[in-house]
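**Q** give me the fold of what follows.
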Amino acid sequence: MGLAGIVAAPIEIQGNIASGLPGVTISGSVDGSLREAKDRVRAAVVNSGFKWPEMKVTIALAPAQTRKEGSGFDLGMALAVLIADGLATEVSLETTVFLGELALDGRVRPVRGVLPLLLAAYDAGFRRAVVPVANTREAALVEGLDIGGAQSLSHVVAWLSGEAALDAVESGDAGCPPPVPDMADVVGQAQARHALEVAAAGGHHVLMTGPPGIGKTMLASRIPGILPPLEPAEALEVTAIHSIAGTLPPHHPLITVPPFVAPHHGLSMTALLGGGTGMARPGAVSRAHRGVLFLDECAEMGPKVLDGLRQPLEEGRVKISRRDGDAVYPSRFLLLLAANPCPCAPAHDVDCVCTSIVRRRYLGKLSGPLMDRIDIRVQMEPPGSTMLLSARGEPSATVAQRVAQARTRARERWRERGWLTNAEIPGSALRQDFPLARETLAPIERFLREGRVTARGADRALRLAWTLCDLRAGERPGPDDVAQALMYRDREFR
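**A** Below is the predicted model:
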């Protein structure tokens, strides 16, 4: 099986031994790691107790026009050579897919991308898969495939001849997901807590500003605890992306909790969106799919890197073009930005030494088009000393219950159209199919006339109003919902 982004296709491996000068030729649009595979495969075959043919060996990976990369073809290439030399049988090969990298001593090493590869293999008609033992938990997530774990090349050859059985598959549900910190640990910050609750209920993007140490990162790390667990189809999609990226936890491969991705503020455009040589690999925006992407100290990031978020925020996917083709990864996430108000970032504004020009330039890295896609903007203030000593915040379980109820209302409303959250609704659908009363839209019309909101911003304010309505269990947004949505976008609104 070969991967092109998150899409996989079956690859047929053919082996031929003919008279001529001894040597190995691998053909079929292969990359450098596959050209080096001939040395790995030959050493693995010899060290497994088999004789390497002293003739001309040709290994072809078909179809030839499809670019292949990675070490996951090692096991299949070794078996192709052994079968061509008569040292292994070819029973049941037509319905079996083989994945695995070979160590020089013949051990079968784990590879990335097993889940999307096996999902595509099942769709292509394969009903049996041989994978490295270390990948059996992940492989067990694919229903309908008979999975066998291979320890070594000799183990697989013995299985083909009926002399041994492959290792049993361990359950893919073993283990527990990592714990998520509780919102009860956060003292005060009622406005920011409510803003994150609204964001979680509708999938809206948030910008938090405030002095350092005020609790921005603490709040952000707790938002996965108030998000609903992933649906089975969502969990498989998210797990497939992390499988390609090589970030799956070894003892709990199925990701059921919305992922929380928090890269360093010095990350590059490639690290954010994805890339690399050959075929592009998923970046932070794709690893955060159906979860949260938290960019702390976002004002320290490069403007070009920040503006690279526009496409995934608008389309819910990212398309990356590289030498070997285009890779498209889903990237529908909740963006959470956090920034200090200025470079010196004192605990109190009165101690700030930055000029007004410096302060404007600092947050000016967040361009207008990017900020237009941010639905909620929160200015955080230090809590009082008494509150720090005595107060205890509302626990995540209570907030999560309200968020789940709001998401259920939204999902039922948009079920026939395939949308999961209010943030995914096109503005045209809201205006044409779910119109609101003129008096309800009056604040938005005033903002448009005054130039305080763009047409895109008006649509996003409508989506936010629907989320506020869902949180209060209303039928349709009212003037108060629309006014509050605009307040979140524009702090000057009264």
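**Q** so what's the closest residue to Q189 other than its chain neighbours up against?
**A** Counting by CB to CB, 6 or more residues apart in numbering, Q189 lies nearest to G215, which is 5.6 Å off, once chain neighbours are set aside. Glycine gets a C-beta too; all of them are placed from N, C-alpha and C. G215 makes contacts with V186, V187, G188, Q189, A192, M380, as judged by CB atoms under 8 Å, 6 or more residues apart in numbering.
**Q** ok, those residues vs A338, which is closest?
**A** Proximity of those to A338 (CB to CB) peaks at M380, which lies at 9.2 Å.
**Q** for E297, see how far away the closest one is.
**A** Noted for M380: a distance of 15 Å to E297, by CB to CB, to the nearest Å.
**Q** what separates the residue nearest to Q189 from A201, distance-wise?
**A** Taking CB to CB, one finds G215 at 21 Å from A201.
**Q** quick check: pLDDT value at A455.
**A** You'll see A455 listed with a pLDDT of 90.
**Q** spatially nearest residue to it, not counting backbone neighbours?
**A** L448 (7.5 Å).
**Q** got the CA coordinates for the host helix or strand of the one you found in PDB?
**A** Element membership for L448 (DSSP states H and E) is helix 438-450. Written as PDB, here are the backbone C-alpha positions of helix 438-450 (Å, rounded to 0.1, in the frame of the first residue of the first chain):
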ATOM      1  CA  ARG A 438     -35.300  42.400  10.800                       C
ATOM      2  CA  GLU A 439     -35.200  43.800  14.400                       C
ATOM      3  CA  THR A 440     -32.900  40.900  15.400                       C
ATOM      4  CA  LEU A 441     -30.400  41.800  12.600                       C
ATOM      5  CA  ALA A 442     -30.600  45.600  13.300                       C
ATOM      6  CA  PRO A 443     -27.200  45.600  15.300                       C
ATOM      7  CA  ILE A 444     -25.400  43.800  12.500                       C
ATOM      8  CA  GLU A 445     -26.800  46.200   9.900                       C
ATOM      9  CA  ARG A 446     -25.700  49.200  11.900                       C
ATOM     10  CA  PHE A 447     -22.200  47.700  12.200                       C
ATOM     11  CA  LEU A 448     -22.100  47.100   8.500                       C
ATOM     12  CA  ARG A 449     -23.100  50.700   7.800                       C
ATOM     13  CA  GLU A 450     -20.400  52.100  10.200                       C
END
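**Q** what separates P382 from T209, distance-wise?
**A** 13 Å.
**Q** E36 too?
**A** Counting by CB to CB, the gap from E36 to T209 is 50 Å.
**Q** neighbour count for those two, which is higher?
**A** A direct count of neighbours by other CB atoms under 10 Å for E36 and T209 places T209 higher, at 20 against 13.
**Q** hmm, E381 and the more buried one touching each other?
**A** No: the pair T209 and E381 does not pass the contact test of CB atoms under 8 Å, sitting 10.5 Å apart.
**Q** is I147 in contact with V169, as I believe?
**A** Yes: at 4.4 Å, I147 and V169 qualify as touching, with contact defined as CB under 8 Å.
**Q** what sits in contact with each of those two?
**A** Joint contacts of I147 and V169 (CB under 8 Å, 6+ apart) are T136, A139, A140.
**Q** roughly how far does the second one sit from V97?
**A** According to CB to CB, A139 stands 10 Å off from V97.
**Q** what residues do these two have in common as contacts?
**A** L118, A129.
**Q** residues near the residue nearest to A455, how many?
**A** Counted with other CB under 10 Å, L448 comes out at 15.
**Q** so between M380 and E297, which is more surrounded?
**A** M380 (20 against 17).
**Q** for the more buried one, list the residues it contacts.
**A** Q189, Q191, A192, M208, T209, G210, I214, G215, K216.
**Q** just the buried residues from the residues you listed, in ChimeraX please.
**A** A single ChimeraX command selects the buried members of the contacts of M380 (16 or more other CB atoms under 10 Å):
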select :189,192,208,209,210,214,215,216
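**Q** okay if I get the contacts of M380 as JSON lines plus distance to M55, pLDDT and secondary structure?
**A** Output for the contacts of M380, formatted as JSON lines (distance: CB to CB, whole Å; pLDDT from 0 to 100; DSSP: H, G, I helix; E, B strand; the rest coil):
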{"residue": "Q189", "distance to M55": "73", "pLDDT": "84", "secondary structure": "coil"}
{"residue": "Q191", "distance to M55": "76", "pLDDT": "89", "secondary structure": "helix"}
{"residue": "A192", "distance to M55": "71", "pLDDT": "91", "secondary structure": "helix"}
{"residue": "M208", "distance to M55": "67", "pLDDT": "94", "secondary structure": "strand"}
{"residue": "T209", "distance to M55": "70", "pLDDT": "91", "secondary structure": "strand"}
{"residue": "G210", "distance to M55": "72", "pLDDT": "88", "secondary structure": "coil"}
{"residue": "I214", "distance to M55": "72", "pLDDT": "86", "secondary structure": "coil"}
{"residue": "G215", "distance to M55": "70", "pLDDT": "86", "secondary structure": "coil"}
{"residue": "K216", "distance to M55": "66", "pLDDT": "91", "secondary structure": "helix"}
